[in-house]
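Participant: missing the sequence, but the structure's below:
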């Protein structure tokens, strides 16, 4: 499988602060990838670098083998739905479709947008400003899909939608992915939606890639172990302890495994994507704050 | 469409396994028969808002189990069956199980105890099979 | 791109057309009326009697002088309305320039439009170019409209150099308009918000205009000095030439200013001319035929600054994400 999106040591700095640093991952074709991380972790920055809105300060990002910044050649292959799904509010739905045609002479399939808008029950003369948030998100998605993009990037497309609109948006998205085989990178902090939708993960935390890979691989190599209190020595079959908590008698560990774990000592259970993400994110966030507050942990 | 998939959001079972299990279940009770077409990947992905690769994976699993067959450009069709043999055995096994449950009750096990015991036993006995399944 | 720019700015274009029509509805009837009064009063003969010499010829009659005065008096109030046009470039800067980039960024739509099939440079060129062309048309139309309107008054001695008349006629409005527009665009790319960008246009445009008009413009060329000894009759400069009189003073023979903003004449009875013997009545002026030269310099100045601002805006645009 070819990488549709590839970041290598990618970094972006605003003043002295690195919004994204040393970011390396690749996204294989045909995958739906989740870009996850707390607010301010650099998700939008990464997406803006990938669609060529930003120029990298370090490393490189490649879309279908090309640098996206200031590169018109990449644009026809990219579909982008920015945060808060910005659209010209005084335009009618039909005018937006016309605009797409005028701005995308290389490749534009207006029938995609028309069919989707018809399905959504949006009239051509309806002003975008009068649409609901869910409808606007759908219109933005329809516009992006009309480009017939090979890579579709979505920045928090469902964050501000109610649960029904969110479900409908993801239905539309998954339906078109099935139809077109488009590769998708979708940023979100709504973890519950992601497990069903995504088969690839890029987890960002404080400007760095914390975890990346195919969801199946990640879930296959992580386990939750519960057993008698553990002294911290190496456990056979465990490559790394991601997170641990202890009582006087019992230890609960989130681990990455690389072999068989002694199941007579440990009760080993599989973890879900949401738990895995929370495990990685929770692991060192609280470090230091006890000292800062002058209390003991 | 012959069957419609539903997902149990609270289930710990993988999405793709849930699809596989639903097809197996439908085969067992005779809802699906050889020659039936399974729902199109696109329709399942859209209806359930799930990754189409998940649906593909479930269908591949069914193909590997010899229960279905993909016809390029057309769709996936049911080829095998789970009814028949297993249906015949089921009544017999059920009778055995009822007898065992009575013994467990007389031994003082509560319903919860029984579930826990069955659960751990299944995990220990069928552990290898489960792991084979999750790694495909 | 042209379709998009038209779609986004058609309201503004309609406003502009409506504004120009309103202006035309005012200046065409009054301009024609002024022209017929001009002929009815017999001013063409008066004007030709003024000739084109440096001074008013002696053949110029007092009656003509009176007619001209009444003509000017009658149309001064009407002419002063044109002062309002001074604000037109400012409006272009505030309402067309400032929101051009800033509103897109404020609404996030730049992320929509820059990720379609055109580069942001193409986008900028189309937007700046077409809105700029629209502003240019407005400026040219009203600049030359006002010039046409003013022509009869100019012929009878209302100098085109006069502040507020220089600024609304000829090609100068083009310079101001282009500058205001570029200023708005650049402020928009810097502040990325409509309100601060509008405020910046207001805060920068007015002082720049005042300073250039007040300090720089009089120095675009060295004025001509007319020096007449005080014991000789002080002739009047020929108003028909439209000279711009910048200052008058009474100076001693060695160049010392004796009286500012004044002229004097010797009492023929006084010996030694009242101690002012050898003094000169001096007038510093820019000859009227320098008008287009001055207009060219001022317009060029603003156009160059506008170009620099557009360059800044294009640079700033590259950093917006």
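Facilitator: Done, it's in. Since the model is a prediction, treat every value here as computed from it, not as a measurement. Numbers count the residues shown, from 1 in each chain, chains lettered A, B, ... in the order given.

Participant: quick one: the one helix or strand residue C:145 maps to to chain centroid distance?
Facilitator: For residue C:145, the enclosing helix or strand under DSSP states H and E is helix C:120-155. The gap between where helix C:120-155 is centred and where its chain is centred comes out at 13 Å by Cα atoms, centre = their mean, to the nearest Å.

Participant: mind giving me the packing neighbours of it?
Facilitator: Using 3 or more Cβ pairs under 8 Å, 6 or more residues apart in numbering or on different chains; DSSP states H and E as the contact test, the elements touching helix C:120-155 are helix C:2-40, helix C:43-50, helix C:62-80, helix C:88-91, helix C:98-107, helix C:172-191, helix C:291-319. Every C-beta, even on glycine, is put in place using the N, C-alpha and C of the backbone.

Participant: closest to chain B out of those helices?
Facilitator: Evaluated over the helices and strands packed on helix C:120-155, closeness to chain B peaks at helix C:98-107, with 29.0 Å, by Cβ to the nearest Cβ.

Participant: need the helices for the stretch 1-150 of chain A, in chain order.
Facilitator: Assigned by DSSP state H, counting those that start in this stretch, the stretch 1-150 of chain A shows helices spanning A:43-50, A:93-103, A:110-120, A:133-146.

Participant: which stretches of chain B form strands?
Facilitator: Counting by DSSP state E, residue ranges of the strands within chain B are B:68-71, B:75-78.

Participant: do the last one and chain A come into contact?
Facilitator: Same thing as strand B:75-78. No - interface with chain A: strand B:75-78 contributes nothing (Cβ under 8 Å from any Cβ of the partner chain), its closest point being 12.6 Å away.

Participant: that strand packs against which elements?
Facilitator: Contacts of strand B:75-78 with other secondary structure elements, assessed using 3+ Cβ pairs under 8 Å, 6+ apart, are made with helix B:52-64, strand B:68-71.

Participant: dump the helices and strands packed on helix C:120-155 into JSON lines; add distance to residue B:112, mean neighbour count and mean pLDDT as well.
Facilitator: Written out in JSON lines, the entries for the helices and strands packed on helix C:120-155 read as follows (distance: least, Cβ to Cβ, whole Å; neighbours: other Cβ atoms under 10 Å in any protein chain shown; pLDDT from 0 to 100):
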{"stretch": "helix C:2-40", "distance to residue B:112": "67", "mean neighbour count": "14", "mean pLDDT": "93"}
{"stretch": "helix C:43-50", "distance to residue B:112": "114", "mean neighbour count": "16", "mean pLDDT": "85"}
{"stretch": "helix C:62-80", "distance to residue B:112": "97", "mean neighbour count": "14", "mean pLDDT": "86"}
{"stretch": "helix C:88-91", "distance to residue B:112": "79", "mean neighbour count": "22", "mean pLDDT": "94"}
{"stretch": "helix C:98-107", "distance to residue B:112": "58", "mean neighbour count": "22", "mean pLDDT": "96"}
{"stretch": "helix C:172-191", "distance to residue B:112": "66", "mean neighbour count": "27", "mean pLDDT": "96"}
{"stretch": "helix C:291-319", "distance to residue B:112": "64", "mean neighbour count": "17", "mean pLDDT": "95"}
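
Participant: tell me the contacts of the nearest residue to residue C:312 once chain neighbours are set aside?
Facilitator: By the measure of Cβ to Cβ, 6 or more residues apart in numbering or on different chains, the closest residue to residue C:312 outside its immediate chain neighbours is residue C:186, 4.9 Å from it. Counting by Cβ atoms under 8 Å, 6 or more residues apart in numbering or on different chains, residue C:186 touches C:309, C:310, C:312, C:313, C:316.

Participant: just give me the closest of the residues you listed to chain A.
Facilitator: residue C:316 (13.6 Å).

Participant: I figured the closest one was touching residue C:189, is that so?
Facilitator: Yes - the pair residue C:316 / residue C:189 is scored as a contact, 3.5 Å apart, by Cβ atoms under 8 Å.

Participant: now do the shared contacts for these two.
Facilitator: Overlap of the contact sets of residue C:316 and residue C:189 (by Cβ under 8 Å, 6+ apart) is empty.

Participant: excluding covalently adjacent residues, which one is nearest to whichever residue of chain B sits closest to chain A?
Facilitator: Here the residue of chain B nearest chain A is residue B:46; by Cβ to the nearest Cβ that distance is 3.1 Å. Spatial nearest neighbour of residue B:46, chain neighbours left out: residue A:175 (3.1 Å); criterion: Cβ to Cβ, 6+ apart.

Participant: does that neighbour touch residue B:48 like I think?
Facilitator: No - with contact taken as Cβ under 8 Å, residue A:175 and residue B:48 are classed as non-touching, separated by 10.3 Å.

Participant: in terms of neighbours, single out the busier of those two.
Facilitator: When neighbours are counted by other Cβ atoms under 10 Å in any protein chain shown, residue A:175 and residue B:48 differ, and residue B:48 comes out ahead with 23 against 19.

Participant: any idea how far the nearest residue to that one once chain neighbours are set aside is from residue A:68?
Facilitator: With Cβ to Cβ, 6+ apart as the criterion, residue B:48 has its nearest non-adjacent residue at 5.7 Å, and that residue is residue B:7. Relative to residue A:68, residue B:7 is positioned 36 Å away (criterion: Cβ to Cβ, to the nearest Å).

Participant: between the two, tell me which one has more neighbours.
Facilitator: residue A:68 (26 against 16).

Participant: contact partners for the nearest residue to residue C:278 once chain neighbours are set aside?
Facilitator: The spatially closest residue to residue C:278, leaving aside those adjacent along the chain, is residue C:253, at 4.2 Å (Cβ to Cβ, 6+ apart). Neighbour list for residue C:253: C:278, C:279, C:280 [criterion: Cβ under 8 Å, 6+ apart].

Participant: any chance of the residues you listed in CSV, plus secondary structure?
Facilitator: Output for the contacts of residue C:253, formatted as CSV (DSSP: H, G, I helix; E, B strand; the rest coil):
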residue, secondary structure
C:278, coil
C:279, coil
C:280, strand
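
Participant: most centrally placed residue in the chain?
Facilitator: Let's take chain A. Nearest residue to the geometric centre of chain A (Cα atoms, centre = their mean): residue A:35, 1.8 Å.

Participant: give me the beta-bridge partners of the closest residue to it other than its chain neighbours?
Facilitator: Of all residues beyond its chain neighbours, the one nearest residue A:35 is residue A:187 (4.0 Å), with distances taken as Cβ to Cβ, 6+ apart. Following DSSP bridges, residue A:187 is listed with bridge partners residue A:35, residue A:155.
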